[in-house]
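In: Sharing a model prediction with you, sequence too.
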Amino acid sequence: MTQVVAADRPPAVTSRPRRGRSLRARKRWTVLLFLSPWIIGFVVFILYPMVSSLYFSFTKYDLLGQPQWVGLANYQAMFTRDSMFWISVRNTFWVVLIMVPIDVVFGMGVAWILTRPRRGSSVYRTIYYLPAMVPTVAAALGFLFVLSPDGPVNSILAHLGVPANKVPLWFADPTWAKPSLLLLSMWAIGNTMIIFLAAMLDVPTHLYEAAEIEGAGGWAKFRHITLPTISPVIFFSLVIGVIYGFQYFTEAYVVSTSSAAGEQGASSALGNPENSLMFYGTWLYQQGFSYFHMGYASAMAWVLFLVIMVCTFVLVRTSGRWVHYGGAIR
Amino acid sequence: MTFTAAKVDMAAIRVMPRRPVPAQIRRRRLLYDVANHSLAIVVAIVFIFPLAIVFFTAFMTHQQLGTGHLLPHPWYFGNFSKVIHDIPFMRYLANTIIYAVLATVGVVLSSIPVAYAFSRLQWRGRDATFLLVLATMMLPAQVTSVSLYIVFTRLHWIGTLLPLIVPTFFGDAFTIFLLRQFFLTIPQELSEAARVDGASEWQILTRVVVPLAKPAVAAVALFQFLYAWNDFYNPLLYTGNSANNMTLAVGLTQFTTLARGNAYEIQMAASLMFIVPVIIIFFLAQKVFVEGVTLTGVKG
C-alpha cells in the first residue's frame, strides 16, 4: 500500500515551497469537504449503530419500553438455552463448509470448460453468466417450481424411469432441502466463474507449451501451472464466500416462507421444512424482527461479526502457505 | 520445471520451421473440439433449463401445468394481466424503480468526491482511512440493522422507502473502492496542469477527472441499480408490512405466501416480469459490465 502511494505522489507536491498556513488550512478543508459524505455516513449508519447494538446486546429490549441491563444473559441464553440457535449454527456451518467450497470448485470447473473451445466461447460465457443476473428472489421462486414435487425436474426423472417413491421431494424434504439450495447457488455461480475465467486466461501460454514439451499431461498442467497461478482468485472467492455464507439469508427466507404457502404467517414458516433451513441469519431475523427481541438479536449479530472476523483472519493467515502472488511463477 | 527451462524450450520452438499438420494430429484436434463443445453445450443446457422453464410456464394455463409438458400449447398470455390485477404489481414496480434510481443517484453523487479524496488528494492518514472504508465492507448488515431499525422506527420511517434511499446519499464503500481504483489510473499530470491554470479541486474533479472516468461511473451506477433492484433484506426489514411501499423483491414473496396455493403459472409470470428488465439491461450494457468486473480485479 505504501509503495503505491509513493509511486503516484507527484514530486511537485512534496518539493513545492510552503506557501503559508492559509493554503494548507484550505487544503485540509477541501479534503474534509470531499470526505464529508462518507464521514457522516460512517458515523450515522455504521459507527453509531455498531456501538448501540453492542450496548443493546447486554440488555433486554422489546422496542416498546426502555432497554434493561441484563449483563451477559443474552450470550448465556444463546449458548445454553436456545436449541434453535444450535440448529441454525449447524445449518450455517453446512453453508460455509460444504456449499461455499463446492461453489468455488464448481465456478473454477465451469471457467475451465470455457477455456477449452477454440471458438464460440463468448456465447457459452454469456449463457453461463446469465443466471447470476437473475434477482435472487426470482431465482429462488423459479427453483421452487422447477424442483417442486410434481415439477418439471421430477417429471423428467419419472420419464427416465426413476420410480415414484424414489424421486426426491427437494425443498419439501428436510434431507433434500439444503442440497436443493446448493443447486440454486451453483446455478448462479456467474460472478465467481468470471473472475476465475479472467485469471485462467491470464496464465502465460508459454508455461503450458513448455510443460507439454516436457511431457506433462492435462492434469499435471492444471495442478502445477493453472492452480498456483489462480490461487489468489481461489483465496478471494473463499473469503467472500465465507463472509456471505455466514450471513446466508435471502434464499432460505424465500424458500421457507413460499413453500409453506398457507395460512401461517411468513415468520412462523422460517426454517421450513422442519428447521432444515433455519440458518443463523434467518434465526437472527426472527428473533429481532418478528419477536422484537432486540437485545438478543444484537447479541447474535455480534457473535456473528466476531466469528466472521476470526474466520477471515484465519484464512488470511494460512493463505501464505498456498496462495502464490505474481512473480513466483511468472 | 523451472523458469529458465521454459525459456530455453520456447527458443527451441521458435527456430523450428513450420510444417503442415499431419492428418493424425488434425483428426485428434477435431476429436478434442467435438468433446470440448459437447461438454460446453451440455453445461449450457443445464444453465438455461430453469430459466426456460420459468419462461414457458409463464405462458401456460393452470390446467396445462399439471400435464407434465414442459412447453405451453397453446400459448396463453393471460397470466401477465392476472399478475397486474391480482397483486399491486404496478405499485411494487414503481417503488422498485424509485428505490433503484434514487439509490443509484445517491451512491454515485456521494461516492465520487470521496473516491477523489482517496486517490487524487494528498493527506496524512489517507491509507489508514481507506483501509477503514474497506473494512466496513466486511461488516455483516445484522450488526447495524437492529439499531438502525430502532432509529427508523423513532423517525417513523418504517413502512416508507426513506430507510432504503437516505443512507445511499452518504457514500458506499464498494463504489468508493471501485472509483478510487479507476481514478488512480488517470495521469496526475492532468490535475497538475489544471492546478497551474488555477483550477480548484472541485473544478478538477468535475471537469477533468469525472469526464475521463465515465466508463467507471457507468459501471458503478449499473452495479448499484442492479443491487437495489435485487435487494431483499433491506426492503423486507424497513418497508415492513406496508404493501404500499413494498418493492418487487419483497412483494413477489408475499404474493406466494398469501394462500395462492399452487398457482405456479402466475408466480412464474410475475417472476419473469421481474427478471426481464435486468436481462435487457445486461445485454444492452454488457461492455460496461465486463469493464466494471475487470475493475474489481485491479490490485489495490
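Out: Received the coordinates, thanks. Only a predicted model underlies this, so the values are computations on that prediction, with no experimental measurement involved.
In: For the stretch 151-300 of chain B, which segments are assigned as helices?
Out: Counting by DSSP state H, counting those that start in this stretch, the stretch 151-300 of chain B has these helices, from start to end: B:162-165, B:173-185, B:188-196, B:201-204, B:210-212, B:214-230, B:233-238, B:248-257, B:264-284, B:286-297.
In: Out of those, which one sits most buried?
Out: Mean neighbour count, computed with mean count of other C-beta atoms under 10 Å in any protein chain shown, is highest for helix B:248-257 among the helices of the stretch 151-300 of chain B, reaching a mean of 24. For every residue, glycine as well, the C-beta is placed using N, CA and C.
In: Just the angle for that one relative to helix B:264-284, thanks.
Out: If you take axes from the mean of the first three to the mean of the last three C-alpha atoms, to 10 degrees, helix B:248-257 sits at 160 degrees to helix B:264-284.
In: From the rest of the structure, what touches helix B:248-257?
Out: Here helix B:248-257 makes contact (C-beta atoms under 8 Å, 6 or more residues apart in numbering or on different chains) with A:135-138, A:141, A:253-254, A:257-258, A:261-262, A:265-266, A:269, B:86-89, B:92-93, B:95-96, B:229-232, B:235-236, B:239, B:243, B:246, B:267, B:270-271, B:274.
In: hey, least reliable of the helices of the stretch 151-300 of chain B by pLDDT?
Out: Ranked by mean pLDDT, the helices of the stretch 151-300 of chain B end with helix B:286-297 at the bottom, a mean of 68.
In: and the longest helix for chain B?
Out: Using DSSP state H to define each element, chain B has its longest helix at helix B:23-57.
In: Which elements pack onto the next helix or strand after that one?
Out: Sequence-wise, the next helix or strand downstream of helix B:23-57 (DSSP states H and E) is helix B:62-65. For helix B:62-65, the packing partners by 3 or more C-beta pairs under 8 Å, 6 or more residues apart in numbering or on different chains; DSSP states H and E come out as helix B:264-284.
In: so what does the helix it packs on touch, helix or strand wise?
Out: Partner elements for helix B:264-284 (3+ C-beta pairs under 8 Å, 6+ apart): helix A:121-133, helix A:136-146, helix B:23-57, helix B:62-65, helix B:78-86, helix B:214-230, helix B:248-257.
In: what are the ranges of the strands in the stretch 51-200 of chain A?
Out: Secondary structure of the stretch 51-200 of chain A, counting by DSSP state E, counting those that start in this stretch: strands at A:59-60, A:68-69.
In: now, of those, which is deepest in the fold?
Out: strand A:59-60 (a mean of 18).
In: Any idea how far it is from the middle of the chain?
Out: With C-alpha atoms, centre = their mean, to the nearest Å as the basis, strand A:59-60 stands 30 Å off its chain's centre.
In: Same question for stretch A:156-170.
Out: So, by C-alpha atoms, centre = their mean, the centroid of stretch A:156-170 is 32 Å from its chain's centroid.
In: Mind telling me which residue of chain A is nearest chain B?
Out: residue A:41 (2.7 Å; C-beta to the nearest C-beta).
In: Next one, pLDDT for the closest residue to that residue other than its chain neighbours please.
Out: Spatial nearest neighbour of residue A:41, excluding adjacent residues (C-beta to C-beta, 6 or more residues apart in numbering or on different chains): residue B:170 at 2.7 Å. On pLDDT, residue B:170 comes in at 97.
In: and residue B:170, what is it in contact with?
Out: Listed by C-beta under 8 Å, 6+ apart, the contact set of residue B:170 reads A:37-38, A:40-42, A:44-45, B:110.
In: what about 6 Å?
Out: In this structure, residue B:170 makes contact with A:37, A:40-41, B:110, judged by C-beta atoms under 6 Å, 6 or more residues apart in numbering or on different chains.
In: And those, which of them are buried?
Out: A:37, A:41, B:110 (16 or more other C-beta atoms under 10 Å in any protein chain shown).
In: out of those, which are inside helices?
Out: Among these, the members found in helices (DSSP H) are A:37, A:41, B:110.
In: Hmm, the second one is touching residue B:171, no?
Out: Read it as residue A:41. Yes - using C-beta atoms under 6 Å, residue A:41 makes contact with residue B:171 at a distance of 4.8 Å.
In: Restricting to C-alpha, output stretch B:147-165 in CSV.
Out: Extracted C-alpha coordinates of stretch B:147-165, given in CSV (Å, rounded to 0.1, in the frame of the first residue of the first chain):
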residue,chain,number,x,y,z
SER,B,147,-30.1,-0.3,15.8
LEU,B,148,-31.0,1.3,12.5
TYR,B,149,-34.4,-0.4,12.7
ILE,B,150,-34.9,1.3,16.1
VAL,B,151,-33.8,4.7,14.8
PHE,B,152,-36.0,4.4,11.8
THR,B,153,-38.9,3.4,14.0
ARG,B,154,-38.4,6.5,16.1
LEU,B,155,-38.3,8.6,13.0
HIS,B,156,-41.5,7.0,11.7
TRP,B,157,-39.7,5.9,8.6
ILE,B,158,-40.6,2.2,8.9
GLY,B,159,-43.1,1.4,6.1
THR,B,160,-41.7,4.1,3.8
LEU,B,161,-38.9,4.0,1.2
LEU,B,162,-36.8,6.5,3.2
PRO,B,163,-34.6,4.0,5.1
LEU,B,164,-33.6,2.5,1.8
ILE,B,165,-32.8,5.7,0.0
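In: Quick one: distance of that stretch to the chain centre.
Out: Centroid displacement of stretch B:147-165 relative to its chain, using C-alpha atoms, centre = their mean, is 25 Å.
In: Name the residues that touch it?
Out: A:49, A:52-53, B:99, B:102-103, B:234, B:238, B:240, B:242, B:245.
In: Point out the least confident member of those, please.
Out: The minimum pLDDT among these falls on residue B:240, with 72.
In: near chain B, which residues of the stretch 1-150 of chain A?
Out: Counting by C-beta under 6 Å from any C-beta of the partner chain, the residues of the stretch 1-150 of chain A close to chain B are A:1, A:10, A:12-13, A:30-31, A:34-35, A:37-38, A:40-41, A:45-46, A:49-50, A:52-53, A:113, A:116-117, A:124, A:127-128, A:131, A:133-138, A:141-142, A:145-146.
In: Give me every residue in the stretch 1-150 of chain B that's in contact range of chain A.
Out: Contact residues, the stretch 1-150 of chain B versus chain A (C-beta under 6 Å from any C-beta): B:1, B:6, B:9-10, B:36-37, B:39-40, B:43-44, B:47-48, B:50, B:53-54, B:68, B:70, B:110, B:113-114, B:116-117, B:121-123, B:127, B:136, B:140, B:142-144, B:146-148.
In: Turn the buried ones among those into a named PyMOL selection, would you?
Out: Here is the PyMOL selection string for the buried members of the residues of the stretch 1-150 of chain B next to chain A, based on 16+ other C-beta under 10 Å:
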select buried, chain B and resi 1+6+9+36+37+40+43+44+47+50+53+54+110+113+114+116+117+121+136+140+142+143+144+146+147+148
